[in-house]
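>>> below are the sequence and a predicted model; questions follow.
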Amino acid sequence: MNRLLILSYCIVGCLFTCMAQERGLPSRNILQQLLLKATPDTADITALLAAGETYLLRPGCLRSDMDSAALFAEKVLKAGIAGKEPSWEARGHLLLSAIYREPGDTKRGKGYIRQAIAIFNRLHEKAGLADSYVELSNYYSADENSELREKIRYHQLAADLYAAAGMKRKQAQTLHTLGDYYTLVPDQKAARDVLLQALALYKETGFTSLQGVYDLLGVAYNQLGDHNNALKYALLSVRTAEAMKDSTGQLCATYNRLGMIYYDMGSAKESMTYYRKAWEVAVRLKDTVSIQILACNFAHSSIRLGTISEGLGLLKEVERRYPPKRMDTDIWLNSAILGCYVKSGRYEQGRPYAQHLEVLGKGVEKADPKLEHIHGPLIKYYLGIRQYAKARTYAAAMADMALKQGHLSVLASSYNGWFKADSALGLYADAIRHYQLYKKYNDSLFNITKSRQISQLQLQFDAEQKDQAIQLKQQNIELLTREGMLQKAELQKARVTRNVIIIGAGMLVMLLLLGYNRYQLKQRSNQQMKAQQQEINEQNVVLQHLIQSQHKLIEEKEWLLKEIHHRVKNNLQIVMSLLNTQAALLDDKDALNAIRESRSRMQTISLIHQKLYQSDDMALIDMRTYIHDLTVYLKDGFSGMARISFDLRIAPVKMDVSLAVPVGLILNEAINNAMKFAFSSSGTITVSLQQTGKDKMTLVVADNGKGLPEAPLPAGKRSMGMTLMQTLCEQLGGTLNIESRNGVIITVNFIYQEKQPVTGPVTQREGVPDYA
C-alpha cells in the first residue's frame, strides 16, 4: 500500500502517452464539398464527424485545428436543425463540447454536452447517451476524490447503456477505464470485478491487445494481497505487450508494476530486473514523470538488497537532471532520498529533504494518501535523531489518514512508530496501547493472508487428491495392457531377431563385394583427376595473363574516353565563350536572343559530357542530378528569376547519351520558353520524368503562368524552339503534346529501355555521341 499512489500516477501517465492516433482525413476538396452541400445525407454527416474528431485528436491544442473541428461540428449541428434530424443535432453538440473543453472553455463546453444529453434522452438513443456521459466525465478531475466519484458514476452509467445497446466492445472499453478509476479511489475489489468483466467482453469480441486490462488486474490483486493472481496477470500483461510489440508508455507502466509486485512479494532482486526494463522505455520516450517514479522504486529495492549507495546515486542524478515540477513527484523523490539517508544513518545529509517534506505536507489534505510518503520517512527520521515528539505527531497524523482510507498496512506502520516514540518519551501507558493496536492490525494483515493461503492450499489439496485417484485408475489399466503387449512383443522380437541375422549376413557379403568394386573405380578416377588438374592449372596460368592484359586495356580505354568527353566539354565551353564575346559586340536584340539560346543549348550538351567524365559509369547519365544542375544553370542565366521556383519530380533513372542529349535539349527549350513568356511576377515550373510503363518514359514540363495565346501561330511561323522540340521528339521516337491548362503543359512520351551500367570497354558509339 505504501506505493499505491506511485502506481496510480503511472497509470495516468500511461494514458497520456498512449494517445489516439490521427485517422486519415478525406481529401480537402471532398471536405469543402461536404461543407457547401445544402442537404447532406447520413454518410456525409458521418464523414464530417470523423473529420472533426480527427482535427480534435491531433497532438497539441492548436487554434487552427480547433477552428477546423468546430467548422465541421457546426455544419453537423446546423444540418440536424435544418433537416429536423435531432440525432445529428445531438452529435454536433457532443463534438462541440469536446472542442471547447480541450482548450479549457469548460463553461461553454458543458452547455453543449448537456444539450446533447437532453436530446439523446428524448430520443431514447442509448449509444449516443452513453457517448455523452463519457464526454461529461472528462470535465471532472481524477486528482480530486469528489470529482473522481463523479467520473466513476458517469462511466458506470455509460457502461450500462452500452450493454443495453449491445455494444460489447465499447462496454468493455468503458469498464476498463472504470477499473482504472477504482484503483485510484482506491477500491480494489470493485476494480477487480469490473476489470474481469471487461476482460471477458474483450475476449468475446476478439480484441487481442489485452495488456492494459491485464496490467490493471495485477494492480488490483496486488493491493488486495493476492500476490499469486497479481503476478499471474502482470506476467500476462508483459507477455501480451511484448508479443504485440508494444513500445508505448503502456509497456513502461507494465514493467514497473510487475517490478512492484515482485517487491511486495519480497523478491527485490526480480523487481530490479523489471525496473531496469521500464527505465529503458521511459528514457527512450523522454517520460520525465516515469523516470522519477522508477528511480524511487529502484531505491526502495536497493535498500532491501543492501545496495543503498546505488539507489541513492540514481535518485541524486534524477534530482539533478529531472527536477520535479509536480507536487506528487516532488514528494516521492524527496521521500525516497530521505529514506536512503535514514537507512544508512546519515541524518545530517537527510535534514534538507526532511525539511522540504514538511513544507510539502502543509499543502496536502489530512485524508490524502500522499501523506504516507511524507509522514512515513519523517517518523523514521525523527526517531533516528531522537526528536520523539515530532515523530509522535507525524505518527498520529498518518494513523488518522490510514483510518479514513482503510489502509491496514499503513495503519500498522503508524502505530508501530507511535509506540516507539511513546516509549522513548516515557509515555508507557500510551506506548502499550499503541503497541497493542500495532499488533492488532499487523495480526489482521497476517490473518487475512493466512486465511487466503489456507483456502488456496485446501483447493490445491482437493485437486491433487482427485488427480491422484484418476492417475491410479489409469495406471492399473495401463499395467494390464502393458503385460499383454509385452508377451506379444517377446514373440515378435524372436521372429525379428532371426530374420535380422539372415538379412544381415547377406547384406554384409554384398557390402564387401561393393566396397572392393568401389575401391578399384576410385583408384582409376584419382589417376584421371590428377592428369586433368595438371592441365587445368596450366590453363589457369595462361588465363591470368590474358585477364591482366585485358584489364590494362580496359583502363586505358576508359581514361581515353574520359579525356574525349573532357575535351568535348572544353570545346563547347570555348564555343560558348566565343558566342559571349560576339554577343558583347552586338546590339540587335534578335541576334542576342539567338546567341543566348545557342549558348544555352550548348551548355545543355556540355553538362552531359561533364557528367560523363566525372562519373565512374562512362555510358549512362544520372538524370536526377543532371536535370537538377540544368535547372540551376537556366535559372541563374535569367535575370529577375528569383521569384520563380522549380518543383522537380525525377525518377531515379539513368539514360545513355543518345537519349540524354535530346531529353536535355527539350528541357532546355521548354524551361527557357516558360521563363521568358509564362510569368509576369512569380511562379512555379514543374519538371517530371517518370517511367509510365515497362518500356515507356514520360517527360512533363508545366508552369502555372499565363498559358498559350488564344490565337495559335500559323504553321509556317513556329519558333525555332518549337521546331527543335518536335524534331528532337521524333529523334526519340516519341510524341509531343502541348496544352494550355492553368499554364502550359508540355508532355513528351518516348520509348525507354533501361540499360545496365557498362562494366567492360566502351566503344566510340556507346561513349561519345555524334553531333553531326
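Thanks, I have it. Numbering: from 1, shown residues only.
>>> ok, residue 707 - contacts?
Applying C-beta atoms under 8 Å, 6 or more residues apart in numbering to residue 707 gives the contacts 678, 740, 741, 742, 743, 744. C-beta coordinates here come from the backbone N, C-alpha and C atoms, glycine included.
>>> how about 10 Å then?
Neighbouring residues of residue 707 by C-beta atoms under 10 Å, 6 or more residues apart in numbering: 677, 678, 739, 740, 741, 742, 743, 744, 745.
>>> just the buried members of the residues you listed?
With neighbours counted using 16 or more other C-beta atoms under 10 Å, these contain these buried positions: 678, 743, 744, 745.
>>> nearest to residue 725 among the residues you listed?
Sorting these by distance to residue 725 puts residue 744 at the head of the list, at 12.3 Å, by C-beta to C-beta.
>>> quick check: the closest one vs residue 648, distance?
18 Å (C-beta to C-beta, to the nearest Å).
>>> likewise for residue 256?
Using C-beta to C-beta, which is the criterion applied here, residue 256 is 50 Å from residue 648.
>>> which one's more surrounded, the two?
Neighbours per residue (other C-beta atoms under 10 Å) separate residue 256 from residue 648, with residue 256 holding more: 27 against 13.
>>> doesn't residue 278 make contact with that one?
Yes: applying C-beta atoms under 10 Å as the test, residue 256 and residue 278 come out as touching, 4.3 Å apart.
>>> quickly list what's touching both of the two.
Shared contacts of residue 256 and residue 278 (C-beta under 10 Å, 6+ apart): 10, 290, 293, 294, 297.
>>> in the chain, which strand is the longest?
The strand spanning the most residues in the chain, taking DSSP state E as the definition, is strand 683-693.
>>> per-residue confidence averaged over that strand?
Across strand 683-693, the average pLDDT comes to 92.
>>> buried stuff in it?
683, 684, 685, 686, 687, 688, 689.
>>> quick check: the fourth one vs residue 518, distance?
It stands for residue 686. Counting by C-beta to C-beta, the separation of residue 686 from residue 518 is 75 Å.
>>> what ranges do the helices span in the stretch 101-250 of the chain?
Counting by DSSP state H, counting those that start in this stretch, residue ranges of the helices within the stretch 101-250 of the chain are 106-123, 126-137, 145-165, 168-184, 188-204, 211-223, 227-243, 249-264.
>>> next: the stretch 251-400 of the chain.
Listed in chain order, the helices found in the stretch 251-400 of the chain under DSSP H, counting those that start in this stretch are 268-285, 288-305, 308-321, 327-343, 347-361, 371-384, 388-405.
>>> quick one: closest of the ones you listed to residue 136.
Among these, if distance is taken as C-beta to C-beta, the winner is helix 327-343, at 26.0 Å.
>>> rewinding a little: TSV for the helices of the stretch 101-250 of the chain, including mean pLDDT and distance to residue 590?
What follows is the helices of the stretch 101-250 of the chain, written out as TSV (pLDDT from 0 to 100; distance: least, C-beta to C-beta, whole Å):
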stretch	mean pLDDT	distance to residue 590
helix 106-123	88	70
helix 126-137	90	74
helix 145-165	91	81
helix 168-184	92	76
helix 188-204	93	81
helix 211-223	89	77
helix 227-243	88	76
helix 249-264	86	71
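>>> which of the ones you listed sits closest to residue 391?
Of all the helices of the stretch 101-250 of the chain, the one in closest proximity to residue 391, counting by C-beta to C-beta, is helix 249-264 (25.5 Å).
>>> which strands and helices sit next to that closest one?
Packing partners of helix 249-264 (3 or more C-beta pairs under 10 Å, 6 or more residues apart in numbering; DSSP states H and E): helix 4-17, helix 211-223, helix 227-243, helix 268-285, helix 288-305.
>>> got CSV for those, with distance to residue 312 and mean neighbour count too?
Formatted as CSV, the helices and strands packed on helix 249-264 follow (distance: least, C-beta to C-beta, whole Å; neighbours: other C-beta atoms under 10 Å):
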stretch, distance to residue 312, mean neighbour count
helix 4-17, 18, 20
helix 211-223, 26, 26
helix 227-243, 27, 19
helix 268-285, 15, 19
helix 288-305, 7, 23
